[in-house]
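Chemist: how would this look folded up:
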Amino acid sequence: PNIENGSCIPHTVQSIMPRGSSSRTNRKRRLPEDEAGEANMFGSTSRRKGRRSAADREKSSGRGSSEAAAAAAVKALFDKYAEDDDPMVIGVEGIDTLCTDVGIDAGEDVRGLVLLWKLGLAKGRPGQITLEEWQKGCAANNIDSIDKFKAIVPSLDTGFLEHNDFRDLYKFVFQFNREGTHRTIDREFIISLFEIVFKGTGRVPPERLESFTVFLRQYAEGEKVTLDQWMNFLEFGTKHPTDINDYDENGAWPIMIDDYVEYLKEKK
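Modeler: Residues are numbered from 1 along each chain as shown. Prediction:
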């Protein structure tokens, strides 16, 4: 059937004009076999599958060139901060320089640690960034320049983190600051990390943090702090921010926390 102002007839259907008619108006030109394709729902013929338009090829080529340029920029940025004797790693000095370049004081500002956490370094070697981690982290955060690093700095405030995310960051801080294969961190370094991580966050009240710091400095068994003790202080400070009246002595707290509670009771 013919439709006014158009046709739903596929090109494979023969013309209904009588044989020998001189009119060519309704005759269908048979496409050469190498140009023929399947008729679409509008009656027009599509090209064979596998053929791409010049625009598609240009778009794909442009995308590939852009990705290659971004990858090269990320690698160049890594090389800028990598260690001289190990070009596949960014060490403490390189990390400190990176933080300075984006406007963060690595020794005082927790946002430096948040930045490293966002790059996904939790499973990396302590105190280092490998090239693979750097490439994956930059890709995940759409970063390929210092300007783009600077652009995400405002979002690094820990106030934006939900409790579970903050807990994950808190765990990362311990793991990233271990020395080599050691599973513990020296007491004084732990105290300095407390000050950086909790400063101005309201996660643990200053009074609780101060009293625990005093206790830890005089605690005979607190010279080295484990990850379990580090994590449990956050849990304790969250559940018992101001008082210990409902503290469960039979709970699964580490001995250090039990001893800290006894210390608080003796001070009353």
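
Chemist: residues touching Cys138, list them.
Modeler: By C-beta atoms under 8 Å, 6 or more residues apart in numbering, the contact set of Cys138 is Val74, Leu77, Leu119, Asp144. Every C-beta, even on glycine, is put in place using the N, C-alpha and C of the backbone.

Chemist: so among the residues you listed, where is pLDDT lowest?
Modeler: In terms of pLDDT, the weakest of those is Leu119, which scores 93.

Chemist: tell me where this protein has helices.
Modeler: Assigned by DSSP state H, the helices in the chain fall at 54-81, 92-101, 111-118, 131-140, 146-152, 163-176, 187-198, 206-218, 227-239, 255-267.

Chemist: buried residues, the third one. List them.
Modeler: Buried positions in helix 111-118, judged by neighbour count with 16 or more other C-beta atoms under 10 Å: Arg111, Gly112, Leu113, Val114, Leu115, Leu116, Trp117, Lys118.

Chemist: and it, what does it pack against?
Modeler: In terms of contacts (3 or more C-beta pairs under 8 Å, 6 or more residues apart in numbering; DSSP states H and E), helix 111-118 is packed against helix 92-101, helix 146-152, helix 163-176.

Chemist: of all those, which lies closest to Ala82?
Modeler: Each of those was scored for nearness to Ala82 using C-beta to C-beta, and the closest is helix 92-101 (6.3 Å).

Chemist: what pLDDT, on average, does the closest one get?
Modeler: 96.

Chemist: name the residues that touch that helix?
Modeler: Contacts for helix 92-101 (C-beta under 8 Å, 6+ apart): 81-83, 90, 105-107, 109, 112, 115-116, 127-129, 146, 149.

Chemist: quick check: angle from that helix to helix 163-176?
Modeler: Angle of helix 92-101 versus helix 163-176, following axes from the mean of the first three to the mean of the last three C-alpha atoms, to 10 degrees, is 140 degrees.
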